[in-house]
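>>> Okay, predicted coordinates and the sequence, questions at the end:
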Amino acid sequence: MKKLVIASILTATLTAGAALAASHGADPVATRKNGMQGVGLAMGTLAGMAKGEVPFNDKSALAALKLMNYVASTFDQHFPEGSDMAANTTASPKIWEDMDGFKAAVAKLQMDTAAAIEAAPASAEALGPILGSVGGNCKSCHEAFRVKN
Amino acid sequence: MIRKLLAAALLLGVAALAIFWWLTIPATLSEQQRASLVEGDAAAGEAVFWAGGCGSCHAEKSAKGDAKKLLGGGHRLDTPAGVFVTPNISPDPETGIGSWSLEDFANAMWNGVSPGGRHYYPSFPYASYIRMTGEDLSNLFAYLKTLEPVSRANEPHELPLPLKLHRGIGLWKLAFLDGAPVMTDIGEEETLLRGRYLVEGPGHCGECHTPRTVFGFGGMDKSRWLGGGAAPEGDGKIPNITPHEKGLGGWSAGEIAGYLESGFTPEFDSVGGSMVSVQENMAKLTKEDRAAIAAYLKAIPAVGD
């Protein structure tokens, strides 16, 4: 069971990563959506382990953090001028009004995930503070730069 | 003949004006309201402060942590009716509400009337606060008095001319201000009643999550209670939070309470926009209160398209 869970998490992670890589440079809206879905999946993996719903596994924890770090490393490149007008985007016009602020928010996610990878959490307890620092980025960026339509 | 007609028209006009004036007289506290006020307990008032979300509009935009307790106002609410600039409700005696009595405060919160006897615009959600208990209002007022005074003079709202005639708000109140519970058939279970109080009263969730009648200028549409709609302020849409499949139908009560605590949806998307500030207030409530809100949201009728 444990192996199955880990395998499925890793497969999903790799699939999300592959989807991201495949769509890279194609449709920017689809690319950033895939990216955010990967981040959500990774957060879910880490939160599940922190809460004890999924057994802790250091390799999948690290994979989840690496996926978030990878998405953050390129995320702000997928917001060309005009892509705020796409029919299916929840990107706020504020991204283009304050591109520097947006890039700083993305850079912060990259930094926080890099620090967490460096820390290499070895237990479910160690994930708590990491979820706080990394997870806080979701909310602060969505507060300023996302609009639900 | 024409003279008589003119005289009659003039008389009618004066009568109509007098009736309008009489209908729109700003309220004072009723005997019942006055009698329900108590000696305030500031410590108990902090929980009311977070439930009511005062800091989300009266502190600086996106204020975090203790900055949310600096209630100098100045937050601009950009609505289809115009721009409302929130006032200073810090205990500063010159520019805030430091010189107000508890009765002044209660008349503002319940009846939407200023100490000087003017109607407040319903952008101040007294249409929800009218359901708050006298005890909660008294405790909240005592708590607000303990916060740091902020010296910042109020700015006028930026509204088109017809809406500047604030006396007309009296008519809006006659039509839409109602202190009765919205969900009358929710049963007697204590958790649900507590949830109803928090959501319909201090939490004032319906002010954004319920569409309004009369092209968005009326009261909250009780037939589509919490069914979502266009954002009353800023861009985008406000989600449906009823148990409909397009709302929170797929969420368990535990997931709703968890979202209010952590800011994460069951799929690990996160809270965003102006709800971030609200969620951070909700995170300061007790677990039991978040569970009560969640239970209420699961118990109300589903609203579809």
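That came through fine. Quick caveat: nothing in here was measured; it's all calculated off a predicted structure.

>>> C-alpha from now on. contacts and neighbour counts both.
OK.

>>> show me the contacts for the residue nearest to the spatial centre of chain A.
Centroid check for chain A by Cα atoms, centre = their mean gives residue A:39 as the closest residue, at 2.5 Å. With contact set as Cα atoms under 8 Å, 6 or more residues apart in numbering or on different chains, residue A:39 has these partners: A:67-68, A:71.

>>> Wait, a helix at it?
Yes: Residue A:39 forms part of a helix when assessed by DSSP: H, G, I helix; E, B strand; the rest coil.

>>> pLDDT score assigned to it?
For residue A:39, the model assigns a pLDDT of 96.

>>> Counting neighbours, what do you get for residue A:143?
The number of residues packed near residue A:143 is 20, by other Cα atoms under 10 Å in any protein chain shown.

>>> Can you list the strands that the helix or strand bottoming out on mean pLDDT in chain B pairs with?
Here the helix or strand of chain B ranked lowest by mean pLDDT, DSSP states H and E is strand B:229-230, holding a mean of 86. Within its sheet, strand B:229-230 is paired with strand B:237-238 (antiparallel), according to DSSP bridges.

>>> just checking, what packs against the following helix or strand past the partner strand?
Next along the chain after strand B:237-238, taking DSSP states H and E as the criterion, comes helix B:253-262. In terms of contacts (3 or more Cα pairs under 8 Å, 6 or more residues apart in numbering or on different chains; DSSP states H and E), helix B:253-262 is packed against helix B:275-282, helix B:287-299.

>>> Relative to chain A, which of those helices is closest?
Across those, the minimum distance to chain A, taken as Cα to the nearest Cα, is reached by helix B:275-282, at 6.0 Å.

>>> Which residues does the closest one contact?
Contacts of helix B:275-282 (Cα under 8 Å, 6+ apart): A:139-140, A:143, B:50-51, B:53, B:56, B:62-63, B:259-261, B:263, B:271, B:290.

>>> mean confidence score for that helix?
The average pLDDT within helix B:275-282 is 96.

>>> got it, and stretch B:58-70?
93.

>>> Kindly report the same for stretch A:95-114.
If you average the pLDDT over stretch A:95-114, you get 97.

>>> For it, what is the distance to the chain centroid?
13 Å (Cα atoms, centre = their mean, to the nearest Å).

>>> How about stretch B:174-188?
15 Å.

>>> if I look at residue B:286, how far off is chain A?
In this view, residue B:286 and chain A are 20 Å apart by Cα to the nearest Cα, to the nearest Å.

>>> measure residue B:68 to chain A for me?
Distance check for residue B:68 against chain A: by Cα to the nearest Cα, it reads 16 Å.

>>> on that earlier part again, do you know which of the helices and strands packed on helix B:253-262 lies nearest residue B:151?
helix B:275-282 (23.2 Å; Cα to Cα).

>>> quick one: contacts for the residue in chain A that chain B sits nearest to?
The minimum distance from chain A to chain B, using Cα to the nearest Cα, falls at residue A:143 (4.0 Å). By Cα under 8 Å, 6+ apart, the contact set of residue A:143 is B:271-276.

>>> Try it again at 7 Å.
When contacts are counted by Cα atoms under 7 Å, 6 or more residues apart in numbering or on different chains, residue A:143 is found next to B:272-274, B:276.

>>> In JSON lines, list those along with neighbour count.
Shown next, in JSON lines, are the contacts of residue A:143 (neighbours: other Cα atoms under 10 Å in any protein chain shown):
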{"residue": "B:272", "neighbour count": "22"}
{"residue": "B:273", "neighbour count": "23"}
{"residue": "B:274", "neighbour count": "19"}
{"residue": "B:276", "neighbour count": "21"}
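
>>> how about the residues of chain A near chain B?
Selection of chain A residues close to chain B by Cα under 7 Å from any Cα of the partner chain yields A:40, A:43-44, A:138-139, A:142-144, A:146-149.

>>> Go again with 6 Å.
A:40, A:44, A:139, A:142-143, A:147-149 (Cα under 6 Å from any Cα of the partner chain).

>>> Can you flag which of those residues belong to strands?
Of the residues of chain A next to chain B, none are assigned to strands by DSSP state E.

>>> and the two most separated of the residues you listed?
Top of the distance list for the residues of chain A next to chain B (Cα to Cα): A:44 and A:149, 24.0 Å.

>>> which strands and helices sit next to the helix ranked longest in chain B?
In chain B, ranked by residue count with DSSP state H as the criterion, the top helix is helix B:2-23. For helix B:2-23, there is no helix or strand it packs on, judged by 3 or more Cα pairs under 6 Å, 6 or more residues apart in numbering or on different chains; DSSP states H and E.

>>> That helix: how far from the chain's middle?
For helix B:2-23 - counting by Cα atoms, centre = their mean - the centre lies 37 Å from the chain centre.

>>> pull the CA atoms of it into CSV?
Only the C-alpha atoms of helix B:2-23 are listed here, as CSV (Å, rounded to 0.1, in the frame of the first residue of the first chain):
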residue,chain,number,x,y,z
ILE,B,2,-55.8,76.9,-13.7
ARG,B,3,-55.0,78.7,-10.5
LYS,B,4,-56.9,76.2,-8.5
LEU,B,5,-55.1,73.3,-10.3
LEU,B,6,-51.7,74.9,-9.7
ALA,B,7,-52.6,75.3,-6.0
ALA,B,8,-53.7,71.7,-5.8
ALA,B,9,-50.5,70.5,-7.5
LEU,B,10,-48.4,72.6,-5.2
LEU,B,11,-50.2,71.3,-2.1
LEU,B,12,-49.7,67.7,-3.4
GLY,B,13,-46.0,68.3,-3.9
VAL,B,14,-45.6,69.7,-0.4
ALA,B,15,-47.5,66.8,1.0
ALA,B,16,-45.4,64.3,-0.9
LEU,B,17,-42.2,66.0,0.4
ALA,B,18,-43.5,65.9,3.9
ILE,B,19,-44.3,62.3,3.6
PHE,B,20,-40.9,61.5,2.2
TRP,B,21,-39.3,63.5,5.0
TRP,B,22,-41.4,61.7,7.6
LEU,B,23,-40.7,58.2,6.1
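
>>> residue ranges of the helices in chain A, please?
Counting by DSSP H, one finds helices in chain A at the ranges A:2-23, A:28-50, A:58-74, A:94-97, A:99-119, A:124-145.

>>> Please convert those to JSON lines, extending it with distance to residue B:153.
JSON lines is the format used below for the helices of chain A (distance: least, Cα to Cα, whole Å):
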{"stretch": "helix A:2-23", "distance to residue B:153": "51"}
{"stretch": "helix A:28-50", "distance to residue B:153": "43"}
{"stretch": "helix A:58-74", "distance to residue B:153": "42"}
{"stretch": "helix A:94-97", "distance to residue B:153": "29"}
{"stretch": "helix A:99-119", "distance to residue B:153": "30"}
{"stretch": "helix A:124-145", "distance to residue B:153": "27"}
